[in-house]
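need coordinates for the following:
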Amino acid sequence: MKEKTIFECKTCGHKEPRWLGRCPECGSWNSFEEKKGTAGNRKQNEHETAVSVPLSSISNKEEMRLSSGIDEIDIVMGGGIMKGSAVLVGGEPGIGKSTLMLQLAASVKTNGRILYVSGEESPGQIKVRAERLNISSENIEVLSETELTSIVNVLNNVKPVLVIADSIQTLHSSEIDSSPGNVNQVKYCTRQLIEYIKTRNIVLFLVAHVTKEGVIAGPKIAEHMVDTVLYFDHGEAGIRILRSVKNRFGSVDEIGLFTMTKKGLKEVKNPVDAFIMHRNLTGENKELPPGIATAIVYEGTRVYFVEIQSLVVPAKAGISRVFTDTTDSRRISRIAAVLEKHVKLKLSSMDIYVAIAGGIRVNEVGIELPIALSIYSARINVPLPPNMASAGEVSLSGELRPVSHMERRIKTGADLGIKRIIIPVNSKLKTEQKYDKFIAAAPTLKESVKTVFSRMSPGKQDTL
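Below is the predicted model of the structure:
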C-alpha cells in the first residue's frame, strides 16, 4: 500500500489529513505531529468470522453481575460489577486506589481466579500491603509486568474472572513506537485489553492517574472506551468518596464512602450525617455562624446532609464575581440574581464565595434553596437557626419548586433531630401527621426568607 501522511493530536489522538494549529476535538494548540501510515493496513480477513446473533436467541439466565463483597462499591456500580465490563478508576496519588483494588480482589464473590497486574510495584511490595490489610487469598494471582503481549499470555494461562491493571499509564506495547504513558500507548493498550475481556466475559479494572487539574490523565477517549468511570476523592474528616461519573449499567448519582484505617479502607455504613459530624443538628446551646445552612440532599438512593457555607464581601474594583469549586458557579450566579430581583438583596457589588463542607461536589437541584438562604444569611450577617434544614429548587421568577423524594428527606431529617424543615409549598407529601410539625412550606423564595428570619426587625433587609 502507498504510504500517506496524517497528522495526529498528541493530546487526544485526533487525526487530520493536514496540519492544524488547533485540535478541533480537544482544543489544544500546536499539538499535531506528522505520522506515516498506510490507508489499508488492516488485514482483509480480520473480520471474516464475525457472525450476527438474533436478539431473541440471546439468553440472560446466567447471573450478569458479580458482588464485589464491598457494599459501597456495589452501590456505586449499580448493584454489583457487570460481567464483561471495563471500569476505569482514577484518583490522586496516595488516596488509596491500589488499596481499594486489592481489597476488592480479596472480597469479590467468585470461585474464579483474580489477576492483579502491577506496573508500579513488585510482588513483594504487594505482599507487604496484603499482610497489612490482613488479606490472604488463594484465588489472587500477582503479575508485575508492563508489556502488553506478556500480560495477554498470562491471561491466556490463568483464565481469570477479574483483572486489575495498576496502572494503565505504565502499560506499553511493542506494536506502538512510543514510551509508556503516551497517548497512543494508553489508547492501544486500553483497546486491546477491552477487546480481550469482552469476548471472554471477564471484568477489567483499570487504575489511572489524575492530572493537577483533577481529571484522569491520558486521552479522553479512554473514558469513552470503558463502561464505567469512577473517581476516588478526599472528603471531610478523612472520608474518601468513590463517585461514578459514567456508568452504562447503573446510576451516576450514587457515591460510596470510606475511611482509611491502619488495616485499609473501611466502609461508612450510614452516611446520613457523615459530612456534618461536627455540628449538633438539634441546636442545643450552640449558634451557627452567619452564612451556614444545612441542605438535605438526595442522590441515587441515599439521603444525606451537607453544610453549605457562604461568604459575601465587597467586590474588588467593583466587579462582582462568584467563587465555588463544589457546585456549579452558574447556579450560584442565577440564585444571586433571583435574590437581588425578588428579595431586594443587593449583591451586584459583592463577591460571593460558596463551598460545601467536606469537599463533596453536589449538583442536585434541591440544594438551591439552602444556597439562597446561606447567601442571604452571609449578606445580612445574621445566622440561620442551627436546628433547621431545607431543600427546594429556586425558579427565575422567585418561586420555589418541589424536588424529588421530599417525604424521605423529611423523615430522615426528623429522625436525625432536625426541628424545622423549609420546603416548597406545593410539594406532594404523604408523610404521617407526626412529621407535620417539622415542616414549614413557602411558595416563594421571599416568603421562605421571611419565615426563616422572622425574628429580624422589619425592613432590615431593605437597607442592605
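
what is the neighbour count of the closest residue to Lys83 other than its chain neighbours?
Spatial nearest neighbour of Lys83, excluding adjacent residues (C-beta to C-beta, 6 or more residues apart in numbering): Asn201 at 5.1 Å. Backbone N, C-alpha and C define where each C-beta goes, glycine included. Other residues lying near Asn201 total 13 when counted by other C-beta atoms under 10 Å.

where does pLDDT dip in the chain?
Within the chain, the stretches with pLDDT under 70 are 1-4, 36-50, 58-63, 211-220, 235-237, 277-286, 431-435, 455-464.

the residue nearest to Lys83 reaches Gly84, doesn't it?
Yes - judged on C-beta atoms under 8 Å, Asn201 makes contact with Gly84 at a distance of 4.4 Å.

the stretch 201-350 of the chain: helices as residue ranges?
221-225, 329-342 (DSSP state H, counting those that start in this stretch).

what's the last one packed up against?
It stands for helix 329-342. strand 322-323, strand 350-356, helix 368-380, strand 393-394, helix 445-452 (3 or more C-beta pairs under 8 Å, 6 or more residues apart in numbering; DSSP states H and E).

what lines up beside the second one in the sheet?
Read that as strand 350-356. If you go by DSSP bridges, strand 350-356 pairs up with strand 302-314 (antiparallel), strand 322-323 (parallel).

can you get me a residue count around Val268?
So Val268, with other C-beta under 10 Å, has 17 neighbours.

leaving out sequence neighbours, find the closest residue to it.
Leu257 (3.7 Å).

that neighbour and Arg240 touch, don't they?
Yes - contact status for Leu257 versus Arg240: in contact at 7.3 Å, counting by C-beta under 8 Å.

what touches both of the two?
Overlap of the contact sets of Leu257 and Arg240 (by C-beta atoms under 8 Å, 6 or more residues apart in numbering) is empty.

who does Glu147 bridge with?
Going by DSSP bridges, Glu147 forms beta bridges with His172.

verify the stated contact: Val154 with Glu145.
Yes - if you go by C-beta under 8 Å, Val154 and Glu145 touch, sitting 7.2 Å apart.

just to revisit the earlier point, specify the beta-bridge partners of the residue nearest to Val268.
Those that pair with Leu257 in a beta bridge, by DSSP bridges, are Ile241.

burial check on it, number of neighbours?
24.

please renumber so the chain begins at 40
Yes, from this point I'll number from 40; that puts the last item at Leu296.

any idea how far it lies from Gly339?
The gap separating Leu296 from Gly339 is 12 Å, by C-beta to C-beta, to the nearest Å.

how far out from the middle of the chain is stretch 236-252?
16 Å (C-alpha atoms, centre = their mean, to the nearest Å).

in it, what counts as buried?
Buried residues in stretch 236-252, counted by 16 or more other C-beta atoms under 10 Å: 236, 241-249.

burial of Ile112, as a residue count?
Neighbour tally, Ile112, other C-beta under 10 Å: 23.

how about Ser487, nearest residue that isn't a chain neighbour?
Ala481 (3.8 Å).

for that neighbour, what are its contacts?
Contacts of Ala481 (C-beta under 8 Å, 6+ apart): 439, 461-464, 487, 490.

any of those buried? List them.
Buried, going by 16+ other C-beta under 10 Å: 439, 461-463, 487, out of the contacts of Ala481.

columns distance to Glu72 and secondary structure on top of those, output as a markdown table?
Output for these, formatted as a markdown table (distance: C-beta to C-beta, whole Å; DSSP: H, G, I helix; E, B strand; the rest coil):
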| residue | distance to Glu72 | secondary structure |
| --- | --- | --- |
| Leu439 | 54 | strand |
| Ile461 | 57 | strand |
| Ile462 | 57 | strand |
| Pro463 | 55 | strand |
| Ser487 | 57 | helix |
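
can you redo these as TSV with distance to Tyr343?
Formatted as TSV, the buried ones among the contacts of Ala481 follow (distance: C-beta to C-beta, whole Å):
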residue	distance to Tyr343
Leu439	21
Ile461	18
Ile462	17
Pro463	20
Ser487	22
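
residue contacts, the residue nearest to Asp110 when sequence neighbours are not counted?
Closest residue to Asp110 apart from its sequence neighbours, by C-beta to C-beta, 6+ apart: Glu306 at 6.1 Å. With contact taken as C-beta under 8 Å, 6+ apart, Glu306 is in contact with 109-111, 295-297.
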